[in-house]
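1. What follows is a protein structure lacking sequence information:
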């Protein structure tokens, strides 16, 4: 089977009956995501995508066919809707698709690998944007932990969809506890597993899966933040002889005074700066935010003016930045982290 180009997302149709989803069905159609209109749910009418008329016509024909198939089945079966497998089989028959085109993964891990591969080009319905690299990384971490769990508890025994029940949930949760994962980390992995399994359920792979039985544990965590006096002391600290720490300190302060995530304040561009404000689209949610430029951020920008395109310190990896912040914090008796900058001092 020839696989579709990995850089083009595959489009699906969602068929529901009185609010109950019957199926999520692949249309077989692909296109560059920048030409998709999330409002009309069709390709944009643009010369940059010259085949948009044919593309939209094909989508319309598939949607019409799906409605006709559902209507005919219900007329022939006393107005009762088909189950997922029956309906998908009828759609396959109408589109003259061979089993290879809609082949299901052979096992649980084959399905998860297919799911992760699809996530790399998937458009998130809520935002109309591709999944962020950070979110995809979390899904891959959960898949890795699940494989480690299988190696410990099942070894050479079968590990299939049929084994995903409340007993599996209890065993997996106990395994995570024994690995000394924090409560919120355990909850994170459970939530990602539920996402895997709910999608599998929609594909007809796990018809008896009950999401309600997979409860994601959580606990309230302490929010450690610097007060304004500590931030000012950090800003005034002379690090001119330690440029490595100085750059990290300056970048950390940009995060403090903007309240942006690491993934956002490390990619502020000159185009995002408009006079006294920073206006940009956040990477994770696609939200447009407008943030006043704090005097300390202005001072930092003057320090790097002409050195970097955005007049801000050149970013480094999150892990390395946290390591340097820890070193700086140890010297000053502060707890510094670049995970969630706080707005409380602003």
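-> Structure received. A quick note: this is a predicted structure, and the numbers were derived from the prediction, not measured.

2. Run the chain-centre distance for the strand or helix carrying residue 89.
-> Per DSSP states H and E: residue 89 is located in helix 84-95. Once both centres are worked out by Cα atoms, centre = their mean, to the nearest Å, helix 84-95 turns out to sit 30 Å from its chain's centre.

3. Where does residue 25 sit, in terms of helix or strand?
-> strand 20-30.

4. Just the buried positions in the helix holding residue 89, please.
-> Across helix 84-95, burial judged by 16 or more other Cβ atoms under 10 Å covers 84, 87-88, 90-91, 95. In short, each C-beta sits where N, CA and C put it, glycine included.

5. Among those residues, show me the least confident.
-> Lowest pLDDT among these: residue 95, with 78.

6. do you know how far that one is from residue 26?
-> Distance of residue 95 to residue 26, computed by Cβ to Cβ, to the nearest Å: 10 Å.

7. And what about residue 71, helix, strand or coil?
-> helix (DSSP: H, G, I helix; E, B strand; the rest coil).

8. Within its local environment, how many residues does it see?
-> 10 (other Cβ atoms under 10 Å).

9. hang on, the earlier thing: immediately after the helix holding residue 89, which helix or strand?
-> Counting by DSSP H and E, what follows helix 84-95 is helix 108-119.

10. contact partners of that following helix?
-> With contact meaning Cβ atoms under 8 Å, 6 or more residues apart in numbering, helix 108-119 is reached by 6, 10, 104-105, 131, 136, 139-140, 143, 146-147, 150, 159-161, 164, 196, 199-200, 205.

11. and what of stretch 51-71?
-> Identification of contacts with stretch 51-71 by Cβ under 8 Å, 6+ apart yields 11, 13, 15, 17, 22, 25, 27, 29, 31, 35, 42-46, 49, 81-82, 87, 90-91, 94-95.

12. 7 Å - rerun?
-> 13, 15, 27, 29, 31, 42-46, 81, 90-91, 94 (Cβ atoms under 7 Å, 6 or more residues apart in numbering).

13. Okay, and which of the contacts of helix 108-119 map to helices?
-> Among these, the members falling in helices (DSSP state H) are 136, 139-140, 143, 146-147, 150, 196, 199-200.

14. Name the pair among those with the greatest separation in space.
-> The span of the ones in helices among the contacts of helix 108-119, defined through Cβ to Cβ, is set by 136 and 150 at 21.3 Å.

15. Can you read off the pLDDT for residue 345?
-> pLDDT, residue 345: 36.

16. Make 13 the starting number, not 1.
-> Okay, using 13 as the starting number, the last item reads as residue 357.

17. My reading is that residue 302 is in a strand; is that accurate?
-> Yes - under three-state DSSP, residue 302 sits within a strand.

18. And the residue positioned nearest the centre of the chain, how far from residue 270?
-> In the chain, the centroid-proximal residue (Cα atoms, centre = their mean) is residue 147; its distance is 3.5 Å. Distance from residue 147 to residue 270, counting by Cβ to Cβ: 21 Å.

19. repeat for residue 122
-> Noted for residue 122: a distance of 43 Å to residue 270, by Cβ to Cβ.

20. now do residue 159
-> 38 Å.

21. So for these two, which residue has more residues nearby?
-> Set residue 159 next to residue 270 and count neighbours by other Cβ under 10 Å: residue 270 wins out with 22 against 13.

22. For the more buried one, give its distance to residue 278.
-> 11 Å.

23. sorry, back to before: could the buried residues of helix 96-107 be laid out in CSV, adding distance to residue 130?
-> Output for the buried residues of helix 96-107, formatted as CSV (distance: Cβ to Cβ, whole Å):
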residue, distance to residue 130
96, 19
99, 21
100, 17
102, 24
103, 19
107, 20
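
24. which one of these is nearest residue 181?
-> Closest approach between the buried residues of helix 96-107 and residue 181, by Cβ to Cβ: residue 96, at 23.1 Å.

25. Which residue, other than its chain neighbours, is closest to that closest one?
-> Nearest residue to residue 96, sequence neighbours excluded (Cβ to Cβ, 6 or more residues apart in numbering): residue 216, at 4.4 Å.

26. is it true that that neighbour touches residue 94?
-> No - Residue 216 is not in contact with residue 94 according to Cβ atoms under 7 Å; the separation is 11.5 Å.

27. returning to what we had before: which other residues reach the following helix or strand past the strand holding residue 37?
-> Proceeding N to C from strand 32-42, the next assigned helix or strand is strand 48-49, under DSSP H and E. Contacting residues not belonging to strand 48-49 are listed as 55-56, 135 [Cβ under 7 Å, 6+ apart].

28. domain ranges for the chain?
-> Split into domains by automatic domain parsing, the chain comes to 22-115, 135-225, 240-344.

29. who's in contact with the helix or strand containing residue 275?
-> Element membership for residue 275 (DSSP H and E) is helix 274-277. Residues from elsewhere that reach helix 274-277 (Cβ under 7 Å, 6+ apart): 146, 266-267, 270, 292, 294-296, 330, 350-351.

30. in its sheet, what does the following helix or strand past it sit against?
-> Next along the chain after helix 274-277, taking DSSP H and E as the criterion, comes strand 285-286. Here strand 285-286 is paired, per DSSP bridges, with strand 289-293 (antiparallel).
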